[in-house]
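A.B. asks: missing the sequence, but the structure's below:
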């Protein structure tokens with residue numbers, strides 16, 4: 001048999017009420033098929049805008065390990081959307097197939113928006129106190145602006161993830 005796995009909805013590490021994607025279930029199925037001599041390959045049905053870079057890379061890595069251990073093929077079918085993490089996971093496949101009206105790509109990484117509400121809080125007379133230890137522990141809090149060093153740290157993390165993504169696509 002050829003196992004069919006659906007990579008649908010927002011790719012997340014933990015199940016979400018807003019997405020049908022279930023990372024732990026999918027990883028368990030990949031492991032199960034890796035250990036099943038009756039399995040002859042995997043077909044990924046991909047229809048996702050992407051999501052967590054951690055979860056995406058974890059799934060990509062599991063599929064690569066499956067291929068290396070079994071020498072069996074993985075194919076990806078991108079339905080209407082295989083963007084960002086969906087495209088990243090699809091790159092584990094030996095071949096990607098898609099409808100001509102499907103969307104694939106969106107190669108990039110974002111940490112999401114970090115809001116600085118300090119000006120508004122000052123205008124409204126709102127003060128905040130955060131008890132913390134560690135120079136950058138509150139990095140990204142909307143109650144304080146990012147420092148130049150914090151912006152550099154976050155940009156470095158994003159750049160590393162982006163470089164890995166581009167390398168995987170290029171390979």
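C.D. replies: Structure's in. What do you need? Only a predicted model underlies this, so the values are computations on that prediction, with no experimental measurement involved. Numbering: from 1, shown residues only.
A.B. asks: so how far is the strand ranked longest in the chain from its chain's centroid?
C.D. replies: Assignment by DSSP state E gives strand 74-83 as the longest strand of the chain. Distance, stretch centre to chain centre, for strand 74-83: 15 Å (Cα atoms, centre = their mean, to the nearest Å).
A.B. asks: Quick check: buried residues in the biggest helix by length in the chain?
C.D. replies: Using DSSP state H, we find that the single longest helix of the chain is helix 148-170. Neighbour-count burial for helix 148-170, with 16 or more other Cβ atoms under 10 Å as criterion, is recorded at 150, 154, 161, 165, 168. All C-beta spots, glycine's among them, are computed from the backbone N, C-alpha and C.
A.B. asks: Pick the one among these closest to residue 38.
C.D. replies: residue 168 (29.6 Å; Cβ to Cβ).
A.B. asks: which residues sit in contact with that closest one?
C.D. replies: Residues in contact with residue 168 (Cβ atoms under 8 Å, 6 or more residues apart in numbering) are 60, 88, 91.
A.B. asks: Which stretches in the protein count as strands?
C.D. replies: Using DSSP E, strands in the chain cover 2-8, 41-48, 74-83, 95-98, 103-105.
A.B. asks: With distance to residue 131 added, can I get those in TSV?
C.D. replies: Shown next, in TSV, are these (distance: least, Cβ to Cβ, whole Å):
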stretch	distance to residue 131
strand 2-8	41
strand 41-48	39
strand 74-83	40
strand 95-98	49
strand 103-105	44
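A.B. asks: Mean pLDDT lowest where, among those strands?
C.D. replies: Among the strands of the chain, strand 103-105 carries the lowest mean pLDDT, a mean of 86.
A.B. asks: so what does that one touch, helix or strand wise?
C.D. replies: strand 74-83, helix 85-90 (3 or more Cβ pairs under 8 Å, 6 or more residues apart in numbering; DSSP states H and E).
A.B. asks: Any chance you could list what contacts the shortest one?
C.D. replies: By Cβ under 8 Å, 6+ apart, the residues outside helix 85-90 that reach it are 7, 11, 44, 46-53, 55-57, 59-60, 63, 76, 78, 82, 96, 104-107, 165, 168-169.
A.B. asks: Also stretch 46-53?
C.D. replies: Contacts for stretch 46-53 (Cβ under 8 Å, 6+ apart): 6-13, 19, 21, 56, 76-90, 106, 109, 161, 165.
A.B. asks: Now list the buried members of those.
C.D. replies: Neighbour-count burial (16+ other Cβ under 10 Å) is assigned, among these, to 6-12, 21, 56, 76-79, 81-90, 109, 161, 165.
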